[in-house]
Structures are given as C-alpha cells and as structure tokens.
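Engineer: Starting from these lines, generate the structure:
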Amino acid sequence: MSLLKYYGVEQAMKLVVLVPAICLLGCLPALAEPSCEVLNDLYQNKYIEDFSINRGAFDFGREARFDCGGFDRNFIMARAIHDLETLKPVKGDDPDYYSDVSQVMNLPNNMMSYVDALVHWPDAEARTMHEGPASAIFYTDRMIRSRERFRPTYSLVHEARHTLKHKEFNGQPIPDEPGHVLCTRGKHQGKRACDARLSKEDELVWGSGNSHEFLFLIFVRDHPNASKQIRREAREQLSYLATHMFNALDPGILHYYGVELER
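Structural biologist: Numbers count the residues shown, from 1 in each chain. You can find the predicted model right below:
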C-alpha cells in the first residue's frame with residue numbers, strides 16, 4: 001500500500017504511484033552505512049531537492065561537503081534520508097517511504113529546516129510549524145545530537161505527516177491531518193502530544209504523527225535488512241509510543257503488533 005494513501009492524499013492528489021517491485025525476503029542488500037563521499041554526493045545532488053531542504057538554514061552551499069561520523073547537521077540529515085532510501089519495500093503492498101515522504105515534502109510550501117533551538121519549545125527535538133499554507137519541519141540541535149542512531153529517521157516520517165495542513169494539489173484540497181490531542185495517560189499527561197487510539201492499520205493511517213511513526217517502526221522492526229541496532233531502537237520506540245503516546249489501545253492490539261508496554 002502506498003504511503004500516500006496512508007497520508008490521505010492519494011485519491012485527492014490523483015497521483016499515479018508506481019507499485020514497488022516485489023522482493024523476496026533477503027534479496028535486498030543489507031542496510032549499511034555508505035562511504036562519506038557517496039553520502040555527500042547523494043545529499044548534494046539528490047536528497048536536498050527531494051526533501052525540500054533549506055540550504056541556508058542548514059548552512060550548506062552548493063559546493064559544500066560535510067564530515068561524517070560526528071554531529072554535523074547535514075551528515076545527520078543525509079544519513080536519515082539514506083535510511084529511508086535503503087529500507088526499500090519487501091512486499092508488494094509495503095510503502096516506499098523514501099518516494100512517498102519525498103512527494104509529501106515537495107508539495108507546494110513545504111520545507112525542511114534547522115534551528116539551534118525553538119524559543120517557545122526549548123526541549124523540542126523537532127517540530128512542524130505552519131503559517132497559512134506554508135509548513136516547515138524544524139530539526140533542532142537536540143535532534144542532531146540524539147544518542148539514538150535512528151531517531152532522526154523516524155522523526156522525519158512523523159513530522160512529514162504534520163505538514164499536511166491547508167494543502168492543495170492541482171487545485172484539489174488534501175485532507176488535513178488531525179493533529180495531536182491532549183494526553184490522558186502516560187508521562188505526557190496534560191500535554192497536546194498524543195494520538196487518540198492505537199488501532200489496526202486501516203484506522204491508524206488516518207491518525208497523526210505518532211500513528212505514522214508507529215506504522216513506520218513496525219515496518220522497520222520486521223525489515224530483513226535493517227541492522228540489529230536499528231531494529232532494537234525501533235522496538236524500544238514502539239514500546240514507548242504504545243505506553244505514552246496513545247490515549248487508548250484497542251483490545252488485543254499489542255498482541256496484534258507484537259509490541260510490549262514499557263515496564
């Protein structure tokens with residue numbers, strides 16, 4: 001199933017989405033870190049355009065190169081996007097997260113940006129801001145310096161969902177994402193940070209950022225070519241989401257997804 005359908009825009013946009021080639025288990029190359037030279041070339045010549053990255057905010061000129069292995073904001077962003085590109089569909093109905101998130105980010109007035117910190121949300125790692133039809137995802141220094149290798153990647157899927165506010169394609173309105181609701185349970189109780197209900201895919205696809213992050217992490221956790229570290233981080237974040245980021249859990253839903261609550 002196309003992720004554009006997950007985002008609720010496939011029908012409204014009337015896009016022709018290519019069905020990904022079916023790949024038998026294990027036929028994809030193992031997810032591996034690219035060389036620094038290759039990652040620089042991909043970022044400079046492909047990723048920046050595909051994900052509407054603001055060069056000025058990321059302080060990255062057209063001839064610039066970044067160092068790999070540290071906390072360079074462009075390196076972290078490039079590696080996150082490379083994860084999306086490398087974790088390709090395994091089954092015929094799997095989303096192609098690279099293609100679909102890229103298409104969302106390339107809707108008119110969408111942008112990927114960076115700021116050291118957000119004044120009104122000093123603890124935020126990432127946040128999507130809106131002004132009329134314009135939406136910008138801001139990654140902060142807290143995200144860039146995250147101890148979790150995979151956090152910038154799944155956060156991109158989460159935040160891309162939030163950009164779908166007041167959007168049109170070819171004059172046709174795209175359904176708004178519902179946004180988070182006040183948490184009634186978990187460590188964020190009282191904050192507008194939760195999705196309403198953890199349910200099966202056909203309902204979860206209409207949820208907000210937590211719902212789409214959850215679906216992506218299920219895909220990654222079960223992906224035959226994800227590294228052990230990435231699978232471990234996916235499992236841990238799935239438990240965190242189920243424990244703290246949904247106000248209600250459908251009966252049997254934890255068993256359905258194979259997810260345990262945090263202890």
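Engineer: so where's the protein shaky on pLDDT?
Structural biologist: 1-31 (pLDDT under 70).
Engineer: please redo it, this time with the cut-off set to 90
Structural biologist: 1-33, 69, 91-93, 132-133, 166-175, 263 (pLDDT under 90).
Engineer: Does residue 141 touch residue 117 like I think?
Structural biologist: Yes. Counting by CB atoms under 8 Å, residue 141 touches residue 117, with 6.3 Å between them. Any C-beta I mention is one placed from the backbone N, CA and C, and that applies to glycine too.
Engineer: Name the residues contacting each of these two.
Structural biologist: Counting by CB atoms under 8 Å, 6 or more residues apart in numbering, no residue touches both residue 141 and residue 117.
Engineer: Buried residues in the helix or strand hosting residue 232, which are they?
Structural biologist: Using DSSP states H and E, the element containing residue 232 is helix 228-244. Of all the residues in helix 228-244, those buried under the rule 16 or more other CB atoms under 10 Å are 230, 231, 233, 234, 235, 237, 238, 239, 241, 242, 243, 244.
Engineer: Give me the helices and strands touching that helix, please.
Structural biologist: Under the contact criterion of 3 or more CB pairs under 8 Å, 6 or more residues apart in numbering; DSSP states H and E, helix 228-244 touches helix 151-162, strand 192-198, helix 209-221.
Engineer: Try it again at 7 Å.
Structural biologist: Judged by 3 or more CB pairs under 7 Å, 6 or more residues apart in numbering; DSSP states H and E, helix 228-244 is in contact with helix 209-221.
Engineer: Nearest the middle, which residue of the chain would you pick?
Structural biologist: residue 157 (1.1 Å; CA atoms, centre = their mean).
Engineer: Not counting sequence-adjacent ones, nearest residue to it?
Structural biologist: Sequence neighbours aside, residue 216 is the residue nearest to residue 157 in space, at 4.4 Å (criterion: CB to CB, 6 or more residues apart in numbering).
Engineer: got the contact list for the one you found?
Structural biologist: By CB atoms under 7 Å, 6 or more residues apart in numbering, residue 216 lies in contact with 97, 154, 157.
Engineer: Would you confirm that the last one contacts residue 212?
Structural biologist: When you say that, I think you mean residue 157. Yes. Using CB atoms under 7 Å as the test, residue 157 is close enough to residue 212 to be in contact (5.8 Å).
Engineer: can you list the domains in the chain?
Structural biologist: 34-148, 178-263 (automatic domain parsing).
Engineer: Minimum distance to residue 170: which of those domains has it?
Structural biologist: domain 34-148 (10.4 Å; CB to CB).
Engineer: Quick one: distance of that closest one to the chain centre.
Structural biologist: 10 Å (CA atoms, centre = their mean, to the nearest Å).
Engineer: Same check on stretch 222-230?
Structural biologist: 17 Å.
Engineer: This completes my enquiry, with thanks.
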